[in-house]
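Undergrad: Predicted model follows, preceded by the sequence.
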2 protein chains.
Amino acid sequence: MDTQLKERWEQFQQLIRKITSYYEAVGLLHWDLRTGAPRKGVEARSETIGMLSTEAFKLQTSTEMSELLDFFAKPEIEQQLDEKSRRMVEECRKEYDRSKSIPADKFKEYTVLAAHSESKWEDAKENSDFAGFEPFLTKIVAFKQEFIDYWGVKDTRYDTLLDMYEPDLTVEKLDEVFDRLRARLVPLVKSILDSPNKPDTGFLDQLYSKEQQEKFGLFILEQMGYDFEAGRLDESVHPFCTGLNVGDVRITTNYLQDDVTSAVFSSLHEGGHALYEQNIDKELVGTPLAMGTSMGIHESQSRLWENMIGRSRPFWHRYFGDLQQHFPEQFSNVEAEQFYLAINKVENSLIRIEADELTYNLHIIIRYEIEKMLFNEGLSVKDLPEVWNSKYKEYLGIMPPNDGLGVLQDVHWSGGDFGYFASYSLGNMYAAQFMHTMRKELPELDSLIEEGKLAPIKEWLTEKIHKYGKSETPAEIILRVTGEELNPDYLADYLEAKYKEIYKL
Amino acid sequence: MDTQLKERWEQFQQLIRKITSYYEAVGLLHWDLRTGAPRKGVEARSETIGMLSTEAFKLQTSTEMSELLDFFAKPEIEQQLDEKSRRMVEECRKEYDRSKSIPADKFKEYTVLAAHSESKWEDAKENSDFAGFEPFLTKIVAFKQEFIDYWGVKDTRYDTLLDMYEPDLTVEKLDEVFDRLRARLVPLVKSILDSPNKPDTGFLDQLYSKEQQEKFGLFILEQMGYDFEAGRLDESVHPFCTGLNVGDVRITTNYLQDDVTSAVFSSLHEGGHALYEQNIDKELVGTPLAMGTSMGIHESQSRLWENMIGRSRPFWHRYFGDLQQHFPEQFSNVEAEQFYLAINKVENSLIRIEADELTYNLHIIIRYEIEKMLFNEGLSVKDLPEVWNSKYKEYLGIMPPNDGLGVLQDVHWSGGDFGYFASYSLGNMYAAQFMHTMRKELPELDSLIEEGKLAPIKEWLTEKIHKYGKSETPAEIILRVTGEELNPDYLADYLEAKYKEIYKL
């Protein structure tokens, strides 16, 4: 590195550290709002969050940033950068271009609309009033269509949106994997629903003290290898994980008095996200690469722990005794196997966030197909309910009785988050593919789990995935770890094997 | 207001809101560090705090601020401002001048020294090694002497330091009040220590569960009228109160397993601070006047609640039953009166922060006199231990066995906080003077307390003090509320009456 490059690089790193610090503060302000900030302080707090976010955005799109990026892009300079540094520059360039491409007043107009639209959505959902929400959603979609032109159309218009959440993922690829997945899951769900064998879940309907739920959650997190010196567990209405910095990755859960499984599985889920962020290589700290590489890979970590480990037979054959100890009255007459069956009951429910591990993917595929129709195939917003309902009928065999329980159920579209839903199922597919490789490399995996030895799992994930942070793309990671690109058969194989056994098909 | 003024004023308010937002974020980051941030996140966290504080400081000393202040200072403009606006400008001008007067590299050098000095102090205190700390303290004092010249010498050099914490307070005034106070308290303490009547405190030596202590603390705060929708109670090593914004004023306490009184009185103390910040007039929000007017007035609110209400006979004749209910095993055979006497035991102890309500003032007067000698009378740092010890002998009748229990006990000087100590006793004097007026205006005060009707006290304090925030100076407030300037006799009268009765003198 020559002197000028050294100086510029130092300047670049300082700028990035400053941006990172702003986001750390914003992250804590948000965490605090959601875990117990007093009601009367919220208004001033929101202003503070807005101010700090604006400052961070200004730095990301500053002339200083632009000049630095241009400097590093010169061929004689770029060739002096190592791979990690090149990725850093690329990441900032992407952020810069994306932010700069939309005229400021256009973006502001959109932000105001999106905020307005979200509160309209709340009312509409409550009253099952799609007509009341339609004009807002139409405008949101129109804005997004315009933004796609500003950002640049990739293979198709919807590709541009997908790429925001899952870099380099294409409609072509996703069509193929979702088609294959759907073709195997729809008949599987149908035969499960037709099966006379249904796990009994009645014994779960009891009351569970919050204190004991919290203790059990802490115990499970400790078993997973969550580092409590680099995080903490709190309570919030909706569980989440937030990485303020690599040494401070917090998770929350929500305790339901009449359902112990909700907090258990949200702890496993958020714990999975947290392990990812806690175990990013220290070398990446202070760079824009010190985060999960994509929504899909992040979700693969949460779902691997929640479902593939946490809803597995060996896991509960090991840990059900601990659950019994925490809730002796509720579970003294229950067997581990009964519990395992109950937490894996499959139902064709209307609501995505309440869906089981299997049908969840169909909820996502429906949303993916509809979003693609909206952006690539000229579907009008007004026709959404009809398309929605017919797809639910076709894939899940049920019809929403109203739009509140149908097309209006999710917040995402009201805030313009199109292209996001796919991540959830990508997470499941990545997770199954990772698990397949993990089983080959740790052949005694089930025995380890049954002995409560979860550390090798955490270590494997750290070595293969976590430590890389954002220094590899999702496609690079899946190829390096599993030796092939994203393949939906691993998820289908896993689900078929598991549920055919449970439902004796 | 003409158009130009209106525009400039809007710009000024935006600038102030931005500065305020930075400090709100810094406040939350600090609160979080002290209430449970995970250890491994502290390093990155400290960087974030440093960055945000620097940004706020830059705005406070920016060219924009300077130009605005110059504009508002023009006579034809100033006359258009109302009183509140003039105070705002004045406040920002003071901050600006103070910050700008010291050359940046000089200030940076000092900051590095002060941080270094604080860690040296920790070692020195631990090892009672004054000689090891002396060179650092000498440099700190030399810097402060230099700063006094930059800031401008008021009546005396030490006046400049006093003014930082208690605006417009002078050595002349403080000499007079402290002399009068000392003249009455020293003999009072002596006769108490000579008295054969000593309250029994042995029954307090028991174990108290943290959960019950917390419950009782919450109950007492609720009784005081602390608004839990605009604040929350947490735990930290050292209790504190932090006002993030008017709707978010948080307090912490510390639960000692073997001492129930510690958490009770720190809740009352921090609760007193919090009531001040929660009840500042909403009109002042977003201005630099939305805070306590001085350290001394702030401390008057905490000490009024902690000592004058919280250590009073009617208070415990009302609330001891509640304490018993929280700790039936510990207190079932104890009478309210016994408890009242025990919490008012006077001792000539060595350590300020453990001192009782009466001798506390002598600890402060000693520090005040010594600081004045350092800055006005040429006392050398190396002679501090000797002066310290002889004053403790003279005023309190005891000699520290070593410097760790003597001159090295407080953190303040290591960080350059000279002029701060006086605030603690000013708080006591203000509080007694306010109480004297309150008793005249609420003649049935003791009965109200004995009936658990504390709301009129909170309302009186809000109407007379809290709502004004920083829009009046301490001297203006004490004069408006009590009809006279600061008068130490109210504190002396109160202490004499209370303790002569307790000690049957």
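TA: Now that the structure is in, tell me what you want to look at.

Undergrad: can you count the residues close to the residue nearest to A:N402 when sequence neighbours are not counted?
TA: Distances taken as CB to CB, 6 or more residues apart in numbering or on different chains put A:S128 closest to A:N402, at 4.0 Å, once the chain neighbours are dropped. (Each C-beta comes from the backbone N, C-alpha and C, glycine too.) If you count neighbours by other CB atoms under 10 Å in any protein chain shown, A:S128 ends up with 17.

Undergrad: OK, contacts around whichever residue of the stretch 1-150 of chain A sits closest to chain B?
TA: Relative to chain B, the nearest point of the stretch 1-150 of chain A is A:G41 (2.7 Å; CB to the nearest CB). Under the criterion of CB atoms under 8 Å, 6 or more residues apart in numbering or on different chains, the contact list for A:G41 reads B:230, B:244-248.

Undergrad: Format the residues you listed as a markdown table; extra columns: secondary structure.
TA: Compiled in a markdown table, these are given as follows (DSSP: H, G, I helix; E, B strand; the rest coil):
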| residue | secondary structure |
| --- | --- |
| B:A230 | helix |
| B:L244 | strand |
| B:N245 | strand |
| B:V246 | coil |
| B:G247 | coil |
| B:D248 | strand |
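
Undergrad: about what we covered before: so the residue of the stretch 1-150 of chain A closest to chain B versus A:S380, what's the distance?
TA: Taking CB to CB, to the nearest Å as the measure, A:G41 falls 43 Å from A:S380.

Undergrad: what's the answer for A:A230, then?
TA: A:A230 sits 49 Å away from A:S380, going by CB to CB.

Undergrad: ok, now A:K282?
TA: Distance check for A:K282 against A:S380: by CB to CB, it reads 51 Å.

Undergrad: One more: A:I366?
TA: 18 Å.

Undergrad: try A:Y424
TA: Counting by CB to CB, the gap from A:Y424 to A:S380 is 26 Å.

Undergrad: With neighbour numbers in mind, choose between those two.
TA: In this view A:Y424 and A:S380 are compared by other CB under 10 Å, and A:Y424 has more residues nearby, 21 against 12.

Undergrad: Run through the residues that contact that one.
TA: The contact partners of A:Y424, taken as CB under 8 Å, 6+ apart, are A:299, A:360, A:364.

Undergrad: And it, what's its pLDDT?
TA: At A:Y424 the predicted local distance difference test score is 97.

Undergrad: Give me the distance between it and A:R352.
TA: According to CB to CB, A:Y424 stands 8 Å off from A:R352.

Undergrad: mind checking the SS state of the residue nearest in space to the middle of chain A?
TA: The residue lying closest to the centre of chain A (CA atoms, centre = their mean) is A:E299, at 4.1 Å. When the structure is split into helix, strand and coil by three-state DSSP, A:E299 lands in helix.

Undergrad: if I read this right, it contacts A:A422, doesn't it?
TA: No. Between A:E299 and A:A422 no contact is recorded; they are 10.0 Å apart, counting by CB atoms under 8 Å.

Undergrad: Do I have it right that A:K210 meets A:Y255?
TA: Yes. Proximity of A:K210 to A:Y255 meets the contact threshold set by CB under 8 Å, at 4.5 Å.

Undergrad: got the residue ranges for the strands in the stretch 101-250 of chain A?
TA: In chain order, the stretch 101-250 of chain A shows strands spanning A:233-235, A:241-245, A:248-253, with DSSP state E, counting those that start in this stretch as the criterion.

Undergrad: Enumerate every residue touching A:V171.
TA: Remark: with contacts taken as CB under 8 Å, 6+ apart, A:V171 is in contact with A:155-156, A:158-159, A:162, A:372, A:376.

Undergrad: Any residues of the stretch 51-200 of chain A in contact with chain B? List them.
TA: Counting by CB under 8 Å from any CB of the partner chain, the positions of the stretch 51-200 of chain A adjacent to chain B are A:51-52, A:55.

Undergrad: In helices, which of the residues you listed fall?
TA: With helices taken from DSSP state H, the overlap with those comprises A:51-52, A:55.

Undergrad: which residues does A:V237 contact?
TA: Applying CB under 8 Å, 6+ apart to A:V237 gives the contacts A:34, A:254.

Undergrad: ok, the closest residue to chain B within the stretch 101-250 of chain A - contacts?
TA: In the stretch 101-250 of chain A, no residue comes nearer to chain B than A:D248, which is 2.7 Å away by CB to the nearest CB. Taking CB under 8 Å, 6+ apart as the definition of contact, the neighbours of A:D248 are A:230-231, B:37-38, B:40-41, B:44-45.

Undergrad: same check, this time on A:R439
TA: Taking CB under 8 Å, 6+ apart as the contact definition, A:R439 lies against A:L445.

Undergrad: now swap in A:L28 and tell me
TA: A:244, B:25, B:28-29, B:32.

Undergrad: In helices, which of those fall?
TA: Among the contacts of A:L28, the members that lie in helices (by DSSP H) are B:25, B:28-29, B:32.

Undergrad: Narrow those residues to just the buried residues.
TA: Buried by 16 or more other CB atoms under 10 Å in any protein chain shown: B:25, B:28-29, B:32, out of the ones in helices among the contacts of A:L28.

Undergrad: Past the helix or strand where A:G321 lies, which element shows up next along the chain?
TA: Element membership of A:G321 [criterion: DSSP states H and E] is helix A:313-326. Scanning forward in sequence from helix A:313-326, with DSSP H and E defining helices and strands, the next element found is helix A:328-331.

Undergrad: could you dump the helix or strand following that next one to CSV, C-alpha only?
TA: Using DSSP H and E, the helix or strand that follows helix A:328-331 in sequence is helix A:336-342. This file holds the C-alpha atoms of helix A:336-342, laid out as CSV (Å, rounded to 0.1, in the frame of the first residue of the first chain):
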residue,chain,number,x,y,z
ALA,A,336,-40.8,-36.8,25.9
GLU,A,337,-42.1,-38.5,22.8
GLN,A,338,-45.6,-37.0,23.4
PHE,A,339,-44.1,-33.6,23.6
TYR,A,340,-42.1,-34.1,20.5
LEU,A,341,-45.2,-35.1,18.5
ALA,A,342,-47.3,-32.2,19.9
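
Undergrad: what mean pLDDT would you report for helix A:336-342?
TA: The predicted model assigns helix A:336-342 a mean pLDDT of 98.

Undergrad: which residues sit against that helix?
TA: Taking contacts as CB under 8 Å, 6+ apart, the residues outside helix A:336-342 that touch it are A:199-201, A:203-204, A:311-313, A:316-317, A:320-321, A:323, A:331, A:502.

Undergrad: Which elements pack onto whatever helix or strand comes next after it?
TA: Along the chain past helix A:336-342, the next helix or strand (assigned with DSSP H and E) turns out to be helix A:360-376. Helices and strands touching helix A:360-376, by 3 or more CB pairs under 8 Å, 6 or more residues apart in numbering or on different chains; DSSP states H and E, are helix A:130-151, helix A:157-165, helix A:171-194, helix A:384-396, helix A:422-441.

Undergrad: For A:F265, which non-adjacent residue is spatially closest?
TA: For A:F265, the nearest residue in space outside its immediate sequence neighbours is A:E306; the separation is 5.3 Å by CB to CB, 6+ apart.

Undergrad: wait, what's in contact with the one you found?
TA: A:E306 makes contact with A:265, A:268-269, A:272 under the criterion CB under 8 Å, 6+ apart.

Undergrad: Return the entry from these with the maximum number of neighbours.
TA: A:G272 (30 neighbours).

Undergrad: isn't that one right up against A:N307?
TA: No. A:G272 sits out of contact with A:N307 when judged by CB under 8 Å, with a separation of 9.6 Å.

Undergrad: Please state the offset of whichever strand or helix holds A:V42 from the chain centre?
TA: Secondary-structure assignment from DSSP H and E places A:V42 in helix A:42-60. Helix A:42-60 has its C-alpha centroid displaced from the chain centroid by 24 Å (CA atoms, centre = their mean, to the nearest Å).
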